[in-house]
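Enquirer: Below are the sequence and a predicted model; questions follow.
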Amino acid sequence: MKIATKHLENDKTVSMSEKMDPEEMDLDIGVMHFPGSLVLTVDATRSGHDLTVGVHVEGPCELTCSLCLEEFNNVFEKDFTLHYDIKGLESVVIDPDVRDEIIMENPVRILCRQDCRGLCPFCGANLNHEKCNCKETE
Ligand SMILES: [Zn+2]
Ligand SMILES: [Zn+2]
């Protein structure tokens, strides 16, 4: 998203919204995948040479459970604030900073649910769905 700073009045907040293509943003790294577009909503306020941008990102995401390896759907949502020095600039492109904020959320370990039982270490059965007989012969 490009914010034209030229026409921003001092201390007046301008709101805008835009859809982002996760593929274009190169967001498909780590354990989060984004199957659809993300919606970016911003409030931009100029104060002299400073531009403050409040950002809300929201969109569907797919996660893979660290224990049972099943994919499940979730909603990605994050609010953050960006600051720019706009002295001499006519516009600011916030996409790289938005990408950084999203990538920072990539968790190391995620569970499909709090009590996920994971996979049996012996036969690989998904213990959320089935019982295996490994325990008896352990
Ligand atoms: Zn799981
Ligand atoms: Zn088993």
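Expert: That came through fine. Ligands and ions are numbered 1, 2, ... in the order given.
Enquirer: Look up how far ligand 2 lies from the nearest residue to Val57 once chain neighbours are set aside.
Expert: Spatial nearest neighbour of Val57, excluding adjacent residues (CB to CB, 6 or more residues apart in numbering): Lys78 at 5.1 Å. Where C-beta positions appear, they are placed from N, C-alpha and C, glycine not excepted. Computed as CB to the ion, to the nearest Å, the Lys78 to ligand 2 distance reads 38 Å.
Enquirer: name the helices or strands packed onto the helix or strand containing Lys78?
Expert: Using DSSP states H and E, Lys78 falls within strand 71-85. Contact here means 3 or more CB pairs under 8 Å, 6 or more residues apart in numbering; DSSP states H and E; on that basis strand 71-85 packs against strand 50-64, helix 95-104.
Enquirer: you'd agree His33 is up against Cys61?
Expert: Yes: using CB atoms under 8 Å, His33 is in contact with Cys61, at 6.6 Å.
Enquirer: most tightly surrounded among the helices and strands packed on strand 71-85?
Expert: Neighbour counts (mean count of other CB atoms under 10 Å) averaged over each of those peak at strand 50-64, with a mean of 17.
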